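Enquirer: No letters, just coordinates:
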């Protein structure tokens, strides 16, 4: 325990001459830039752009489901290509890149009080390798045969066999793009972790970090350990496809002809894929957890409830997420004791997750809640995450999962828990930090409109989808056709869902309009419009200049959540505000 | 996946130890005031960065070797013979690592000649190792165990290939360090670079020894002893 009985303000130490890279030309300032803030913007714009492609693909999927046979450009092959690319882009190229590359790059150095990432050159490379990965992905749309239609899980053997769309070039480009993405991410991830470890300013202990940093930090470590599994799987499948090895390919007879493959195991791929795939859910969720904690605390003017528990829960979720991957493979068949093990470990994750949800709610309790747009999104996240999480408890059980696994119920579940919930946090985060990034305020009315349409619309889309799953509507089907068990009303419901999806998608244009319009016309935000405590709001310039801080790095005297401290003059105390000399300090026992 | 779990357990132990140093049971809301020790390590960031990178590469190899041993258990497994040449290659890689260790010690003592000799020897041995591995590939290929012959051969080429590529990447860093070594005046300027190279080499040696050990245990000639089935069951 640190002796804090005698609080003394440390005089600003002589600042060592930091080796800070200085851009010399337009190209090195805006294109091949090593400043984490610029890299963050580059990551975000690239991720959101490719995400818009995935949004349009989801429209095509919905149009086909609601009006089968109406649109000539949606053939069965195209449909599979659309669902594959939609899933892959949303999970990896949008959410992972945006949370870690976008929010991570912008917020980590500012929140820990550093001038930049520790390895700025590697950080720049990280973005450009990611950009290349996106280009390769986009190229697959224009390659002969189009992108792969193997489903985002790319299960062998079908992923690389004739008959699957994109078997010629699509799958090769997809795997190459994933390999590039992982290389690029590793470069960035090294930066995020080492900057948190070593780049913290004076006084900034780990337990004084805002939870946003904890969330991104934990998620990055998770990603660094999990992505190698996808890397290994991608390399092995690429060798199977290009050089004819048989890592994942059993002996196959196709159209009466023995293929060259033999002796491989498709199940091996599933193990590798889901060993990455399950942690991936938390790679997306943990940064969202962190950001939402900060949004709620700031906009409810109250310290986060149970800070230590929040940190421990993040770590616990990260550890547990490595031993649950089997719950994605129940219907692949497994030894019953394994099924029991994976079901149990899956349900245990609900404990630390529930701790987090309770703590958010308890933070709100008797808080001074300001229903600003970021706060609305944060509240929307809690509700949505609880909904999606609870259906996850159903699906974690083997006997419930087996009948529901290939139905729309699963689609509804994972869209709620790792689609809508994190995206709501992305929006909340962008609205929250936009004033710092641009120095301008967005339009409040448009922001509220955007929230309500997105939030309510998402429920109109996904709530009925659970029901479709219950009555047995299968997922991945191009067309339902005539079945004995699916009533015609399922078709009507599909039309309704599609209408809602089109409206919610179109409403996102309001968001982009708001961002771009406010960039020029928004009113000046000032340095700290939310009266927040964390360091990024205390920069001498807004938007923060190159090197983030003036001559002196900030010194941290307190944790990140000193809101509404009894006896304090204002309802927030910035982290770098020294304790008042005469203020009695409660001594920890 | 047992190898991966052993690996992850080691990582978890390191993380737990690190967390225990970060006062995670502190009550930060009661601790307004200055805290001098932020819990950051006194090691240079580059060294921590490399350490973390080795964890990632470790995860990569743990998964590759796990996949290899899982496939072995799935039946219809016909192992490829282990070329005798690998024994020699192992010796060469140990020498390479040893030479870099020597360079590291010389750098600490400030002996420039020793650093240069160590780096050069390390580089030459590493190149010899890579050449030896390529030769081993040719021997296997000639014996009918080409890349697509069966999964055991494919795994051998894959894992040795990924290992070789990592060594090749290390040689780029070693080349830059050598370039510095011939221009630097004092050994002090070089110390960190040499230490990083040595760390990376020792790590790749460890990976190789684990993989080579697994190969030997599953070799058809050795496997008659019954030891193999025992070890395979454990892994």
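Expert: Done, it's in. As the structure is a computational prediction, the values presented were derived from the model and not from experiment.
Enquirer: Please enumerate the strands of chain B.
Expert: In chain B, no strands are found when defined by DSSP state E.
Enquirer: Regarding it, what is its longest helix?
Expert: In chain B, assigned by DSSP state H, the helix with the most residues is helix B:151-183.
Enquirer: So is stretch B:14-24 next to chain A?
Expert: Yes. Stretch B:14-24 reaches chain A (C-beta under 8 Å from any C-beta of the partner chain) through B:15, B:19, B:22, B:23, B:24. Glycine gets a C-beta too; all of them are placed from N, C-alpha and C.
Enquirer: Which pLDDT value belongs to the first one?
Expert: The confidence metric pLDDT takes the value 94 at residue B:15.
Enquirer: from memory residue B:175 sits against residue B:122, does it?
Expert: No. Look at residue B:175 against residue B:122 with C-beta atoms under 8 Å: they stay out of range, at 11.2 Å.
Enquirer: which of these two has more neighbours?
Expert: Using other C-beta atoms under 10 Å in any protein chain shown as the criterion, residue B:175 and residue B:122 rank with residue B:122 on top: 29 against 12.
Enquirer: list the contacts for the more buried one?
Expert: Residues in contact with residue B:122 (C-beta atoms under 8 Å, 6 or more residues apart in numbering or on different chains) are B:96, B:97, B:99, B:100, B:103, B:174, B:197, B:201.
Enquirer: Tell me which two in the residues you listed are the farthest apart.
Expert: Greatest spatial distance among those (C-beta to C-beta): B:97 and B:174, at 11.9 Å.
Enquirer: more neighbours, these two?
Expert: Each of residue B:97 and residue B:174 has its neighbours counted (other C-beta under 10 Å); residue B:174 has more, 27 against 23.
Enquirer: between the contacts of residue B:122, which is closest to chain A?
Expert: residue B:197 (17.3 Å; C-beta to the nearest C-beta).
Enquirer: Distance check, that closest one against residue A:30.
Expert: 35 Å (C-beta to C-beta, to the nearest Å).
Enquirer: Narrow the contacts of residue B:122 to those in helices?
Expert: B:96, B:97, B:99, B:100, B:103, B:174, B:197, B:201.
Enquirer: Low-confidence stretches in the chain?
Expert: Defaulting to chain A. A:1-19, A:21, A:581-589 (pLDDT under 70).
Enquirer: was after chain B, sorry
Expert: B:220-235.
Enquirer: and if we set it to 80?
Expert: B:1, B:74-76, B:184-188, B:218-235 (pLDDT under 80).
Enquirer: can you map out the strands along the stretch 201-350 of chain A?
Expert: Secondary structure of the stretch 201-350 of chain A (DSSP state E, counting those that start in this stretch): strands at A:253-254, A:257-258.
Enquirer: And the contacts of the last one?
Expert: Going back to what we said before, that points to strand A:257-258. By C-beta under 8 Å, 6+ apart, strand A:257-258 touches A:251, A:252.
Enquirer: Restricting to the contacts of residue B:122, which residues neighbour chain A?
Expert: Applying C-beta under 8 Å from any C-beta to these, none is adjacent to chain A.
Enquirer: Make CSV from the residues you listed and add distance to residue B:217 to it.
Expert: Shown next, in CSV, are the contacts of residue B:122 (distance: C-beta to C-beta, whole Å):
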residue, distance to residue B:217
B:96, 24
B:97, 22
B:99, 29
B:100, 28
B:103, 33
B:174, 31
B:197, 31
B:201, 25
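Enquirer: I'd like to know which of those are buried.
Expert: Among those, those classed as buried by 16 or more other C-beta atoms under 10 Å in any protein chain shown are B:96, B:97, B:99, B:100, B:103, B:174, B:197, B:201.
Enquirer: Identify, from these, the entry nearest to residue B:163.
Expert: Distances from residue B:163 to the buried ones among the contacts of residue B:122, taken by C-beta to C-beta, are shortest for residue B:201, at 12.2 Å.
Enquirer: okay but that closest one is in contact with residue B:98, surely?
Expert: No. Look at residue B:201 against residue B:98 with C-beta under 8 Å: they stay out of range, at 9.3 Å.
Enquirer: Next, count neighbours for the nearest residue to residue B:175 once chain neighbours are set aside.
Expert: Nearest residue to residue B:175 in three dimensions, chain neighbours excluded: residue B:123, at 7.4 Å (C-beta to C-beta, 6 or more residues apart in numbering or on different chains). The number of residues packed near residue B:123 is 20, by other C-beta under 10 Å.
Enquirer: now do residue B:112
Expert: Quick note: residue B:112 (other C-beta under 10 Å) scores 16 neighbours.
Enquirer: rewinding a little: for the longest helix of chain B, list every residue counted as buried.
Expert: Neighbour count says helix B:151-183 has B:151-160, B:162-164, B:166-167, B:170-171, B:174, B:177-178, B:181 buried, by 16+ other C-beta under 10 Å.
Enquirer: measure residue B:208 to chain A for me?
Expert: Distance of residue B:208 to chain A, computed by C-beta to the nearest C-beta, to the nearest Å: 18 Å.
Enquirer: deepest of the strands of the stretch 201-350 of chain A, which one?
Expert: Mean neighbours per residue, mean count of other C-beta atoms under 10 Å in any protein chain shown, is largest over these for strand A:253-254, with a mean of 10.
Enquirer: which outside residues touch it?
Expert: A:161, A:162, A:163, A:259.
Enquirer: 7 Å instead?
Expert: Here strand A:253-254 makes contact (C-beta atoms under 7 Å, 6 or more residues apart in numbering or on different chains) with A:161, A:162.
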